[in-house]
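Q: below is the structure, and that's it, no one-letter string:
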């Protein structure tokens, strides 16, 4: 219990770090999409198993696995009764944003590509959206205008290349 409490304390310190690249709400949006998307994927995955198409049944099974894995990665407190979830959560918290973006993007897009139905689009679509948010976080903040213009064209000068105000 002490290890779990210390792990939660370090996670809270990392989430409220004032030197972080992103505001606290962006990280919570990504986590929230992962958690809600996991539950929605499980719900629609169970509903989608009432299909007669074997490809759609396989896609819904993948969606169920993706939903459970999404919840285990983003909300390990929902699965405290499973003994190996703590290791999965610690592994997830040490990953970079682009690792999470690729993982959630692949988990979300594969069931949609296998079976394009409302169940798979709604369920796996939210997991894919979580991957998109993590992808934007991996790209980083946008630079200011001067830095972007200087990086795009070395001959650009703010005094010469500005249109006249008249």
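A: In hand now; what should we look at? In this text the structure is predicted, and so the values were computed from the model without any measurement.

Q: list the contacts of residue 61.
A: Residue 61 is in contact with 45, 49, counting by C-beta atoms under 8 Å, 6 or more residues apart in numbering. Where C-beta positions appear, they are placed from N, C-alpha and C, glycine not excepted.

Q: mind checking the SS state of it?
A: Put simply, residue 61 is helix when judged by DSSP: H, G, I helix; E, B strand; the rest coil.

Q: please report how far it lies from residue 106.
A: 16 Å (C-beta to C-beta, to the nearest Å).

Q: the closest residue to residue 51 other than its chain neighbours and residue 127, how far apart?
A: Once flanking residues are discounted, residue 51 sits nearest to residue 57: 5.6 Å by C-beta to C-beta, 6 or more residues apart in numbering. According to C-beta to C-beta, residue 57 and residue 127 sit 19 Å apart.

Q: which residue of these two possesses the greater neighbour count?
A: Legend: neighbour count by other C-beta atoms under 10 Å for residue 57 and residue 127, higher for residue 127 (30 against 16).

Q: do you know the pLDDT at the more buried one?
A: Looking at residue 127, its pLDDT reads 94.

Q: for it, give me its contacts.
A: Contacts of residue 127 (C-beta under 8 Å, 6+ apart): 33-34, 37-38, 41, 66-67, 70, 104, 107-108.

Q: repeat that with 7 Å
A: Applying C-beta atoms under 7 Å, 6 or more residues apart in numbering to residue 127 gives the contacts 37-38, 41, 66, 70, 104, 107-108.

Q: again with residue 39
A: Counted by C-beta under 7 Å, 6+ apart, residue 39 has contacts 67, 71.

Q: now swap in residue 70 and tell me
A: By C-beta under 7 Å, 6+ apart, the residues touching residue 70 are 34, 37-38, 41, 104, 107, 127.

Q: re the thing from before, the residue nearest to residue 51 and residue 49, how far apart?
A: From residue 57 across to residue 49, the span is 6 Å (C-beta to C-beta).

Q: would you mark the buried spots in the longest helix seen in the chain?
A: The helix that spans the most residues within the chain, counting by DSSP state H, is helix 24-48. For helix 24-48, a neighbour-count test (16 or more other C-beta atoms under 10 Å) marks 27, 29-42, 44-45, 48 as buried.

Q: great, nothing more from me.
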